[in-house]
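K.L.:
One predicted model, sequence on top.
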Amino acid sequence: MFDLTEADRPTRTLVVCQRHTRRAHSRHGIGSGKSGEQNGGSQLSQTGQKSDAYDPLSEEAVSEICLLVESAGGEIAKVVTASRASPQPATFVGSGKAEELAQVVKQHDIQLLVINQAITPVQERNLEKAVGCRVLDRTGLILDIFAQRAQSHEGKLQVELAQLRYLSTRLVRGWTHLERQKGGIGLRGPGETQLETDRRLIGDRIRRLKERLVKVSAQRGLRRRARKKVPLPTVSLVGYTNAGKSTIFNRLTDSMVYVEDQLFATLDTTMRRLAVPEYGEVILSDTVGFVRDLPHTLVQAFQSTLEEVSSAQVLLHVVDAAGISRDDNIRAVQKVLDEIDASDIPQILVYNKADLIDSEFRGKAMNSFDGKITEKVWVSAHDGRGIDDLLAAISRLLAACRQRYQVQLPISAGALRAKLYERGTVKAESQTEQGDWEIEIELSDSALGWLRKQPNVQGIASY
């Protein structure tokens, strides 16, 4: 949709962050508050906001949008902040702030203005006219990053679908001179304006993409059902983007998944087998990171990918322990989990980057969140600290979902007996006078279903 690297040079970008105080006694619902400017990376003032609420002018929020711009290939030229009671319906910012932005655009040779919130197509178009450069909101910026990161065929289809849905509401901006058909002698149009043609073409493309994604989703479902035949539980890494999920994934599985200090470095799902002490093998899944105000079009487009999360038995919710907005990020992730019906899956809260914080913070960490968070683990994916504690927590949580059974196998079922040792926790074993095995074992529901389908099983009894 948008190329933030023109002629191998990053696009000079102006970032606008605006806080909405929503004053109850504002006469017209719109009021101007204090505003200010800071160069990128500077400490920003905070006014009119409760300390426990997310503040779009906080240092963490401003750093995040700047990192998003840099991840897309842009260059931060300046950051401008403002505070209003509510967004201005026509231009999002006030008229005075729009004039100020137009001056900044001229002074710093700005090529792109990024708004750290979602804005309407009308606000985007009017603001472009007012400041004299392209305008992109947070949703469009995230879509651009996803388009750059998508590697798999499915990922590219999902991103394209989300982009077209976003673009379909903004077509008018490029074709204002063709919006209306002219009448009169010699002025009759071709019967269909360029805007109508583009809308029809985009609608056709969206329909074809949906059809292809249905087929891809069906293939993913077949692979998921095939994995269920091998009764290994799935453990999925989830969390805010750039919290260190892929680094933890590499540390646990000795893999070489792409890791970079940037937002949305991982987009496509990666799976590996992981041996958990005192439990057995599981499938560990590394998924796309979440972000605050994740565009709903992306959640819809990535539904089949996010199903890997909702079908997991355990979620490892990775948190950047050194981040200022760690608690806000936890809530943002929980909100996305609610949206994909995964909030009831048991979670282990994994505080990563423990090497960057002091022990005092651990006592101040929040103890209750929405969702089924069972326990907290402190780890450092950088030096491996706490990884053994994480594996032990996974083992405890998965073992709690198991039940104990008495399984009887014939002497000829040696291969099946070996698989039971791989996929369950054998507590005791003995042999009958006829040489058959009687095995006392703990199994999950999926492993029990698999075992019942094996032809050599002589009997299964629960305790």
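P.N.:
Cool, the structure landed.

K.L.:
For stretch 152-172, buried residues please.
P.N.:
Buried residues in stretch 152-172, counted by 16 or more other Cβ atoms under 10 Å: 154-155, 157-167, 171. Every residue, glycine included, has its C-beta placed from N, CA and C.

K.L.:
so which of the residues you listed comes closest to residue 123?
P.N.:
residue 166 (14.6 Å; Cβ to Cβ).

K.L.:
Excluding sequence neighbours, find me the nearest residue to residue 395.
P.N.:
Spatially, and ignoring its direct neighbours in sequence, residue 395 is nearest to residue 279 (4.2 Å; Cβ to Cβ, 6 or more residues apart in numbering).

K.L.:
Dihedrals phi and psi, the one you found?
P.N.:
In terms of degrees, to the nearest 10, the main-chain angles of residue 279 are phi -140, psi -60.

K.L.:
Over to residue 80?
P.N.:
The phi and psi values for residue 80, taken as degrees, to the nearest 10, are phi -120, psi 130.

K.L.:
ok, now which ones touch it?
P.N.:
Residue 80 is in contact with 14, 15, 16, 17, 35, 37, 97, 100, 101, 104, counting by Cβ atoms under 8 Å, 6 or more residues apart in numbering.

K.L.:
just to revisit the earlier point, specify which member of the buried residues of stretch 152-172 is nearest to residue 114.
P.N.:
Looking across those and measuring by Cβ to Cβ, the closest to residue 114 is residue 166, at 15.0 Å.

K.L.:
That closest one - that's part of a strand, no?
P.N.:
No - assigned with DSSP: H, G, I helix; E, B strand; the rest coil, residue 166 falls outside any strand and is helix.

K.L.:
Can you tell me how far it is from residue 146?
P.N.:
11 Å (Cβ to Cβ, to the nearest Å).

K.L.:
Now the common contact residues for these two.
P.N.:
The contact lists of residue 166 and residue 146 share no entry, where a contact means Cβ under 8 Å, 6+ apart.

K.L.:
quick one, helices of this structure?
P.N.:
59-71, 95-107, 121-131, 138-149, 153-167, 194-229, 245-253, 296-301, 303-310, 326-339, 359-364, 387-400, 414-423, 445-452 (DSSP state H).

K.L.:
Pick out the shakiest of those helices, pLDDT-wise.
P.N.:
Sorting those by mean pLDDT places helix 359-364 lowest, at a mean of 61.

K.L.:
Quickly note the distance from the spatially closest residue to residue 306 that is not a sequence neighbour to residue 135.
P.N.:
What sits nearest to residue 306 in space, not counting adjacent residues and going by Cβ to Cβ, 6+ apart, is residue 340, at 4.7 Å. For residue 340, the distance to residue 135 equals 31 Å [Cβ to Cβ].

K.L.:
Over to residue 128?
P.N.:
5 Å.

K.L.:
For the residue nearest to residue 395, give me its contacts.
P.N.:
By Cβ under 8 Å, 6+ apart, the contact set of residue 279 is 394, 395, 398, 399, 425.

K.L.:
same deal with residue 396?
P.N.:
With Cβ under 8 Å, 6+ apart, residue 396 has these contacts: residue 375.

K.L.:
Could you pull up the residues touching residue 332?
P.N.:
Counted by Cβ under 8 Å, 6+ apart, residue 332 has contacts 240, 290, 291, 292, 293, 294.

K.L.:
Would you indicate which residues of stretch 207-219 are buried?
P.N.:
For stretch 207-219, by 16+ other Cβ under 10 Å, it's 209, 213, 216.

K.L.:
Also stretch 444-454?
P.N.:
So stretch 444-454, judged by 16+ other Cβ under 10 Å, has buried residues 444, 446, 447, 448, 450, 451.

K.L.:
Tell me the gap between it and the middle of its chain.
P.N.:
33 Å (Cα atoms, centre = their mean, to the nearest Å).

K.L.:
got it, and stretch 412-428?
P.N.:
38 Å.

K.L.:
got a list of contacts for that stretch?
P.N.:
Contact partners of stretch 412-428, identified using Cβ under 8 Å, 6+ apart, comprise 231-232, 278-281, 399, 402, 404, 407, 409, 437, 439-443, 447, 450-451, 454, 456-457.

K.L.:
cutoff 7 Å now
P.N.:
Contacts of stretch 412-428 with the rest of the structure, by Cβ atoms under 7 Å, 6 or more residues apart in numbering, involve 231-232, 279-281, 399, 402, 404, 407, 409, 437, 439-443, 447, 454, 456.

K.L.:
Give me the neighbour count for residue 55.
P.N.:
By other Cβ atoms under 10 Å, 21 other residues sit near residue 55.

K.L.:
Residue 113 now?
P.N.:
By other Cβ under 10 Å, 25 other residues sit near residue 113.

K.L.:
hang on, residue 284 packs against residue 254?
P.N.:
No - if you go by Cβ atoms under 7 Å, residue 284 and residue 254 don't touch, sitting 11.4 Å apart.

K.L.:
Who has more neighbours out of the two?
P.N.:
Neighbours per residue, other Cβ under 10 Å: of residue 284 and residue 254, the larger number sits with residue 284, 24 against 8.

K.L.:
So what sits opposite the more buried one in the bridge?
P.N.:
Note on residue 284: beta-bridge partners by DSSP bridges are residue 235, residue 272.

K.L.:
which residues does it contact?
P.N.:
235, 249, 252, 253, 271, 272, 274.

K.L.:
ok, now residue 407?
P.N.:
By Cβ under 7 Å, 6+ apart, the contact list for residue 407 reads 420, 439, 441, 457, 460.

K.L.:
Alright, I will stop here.
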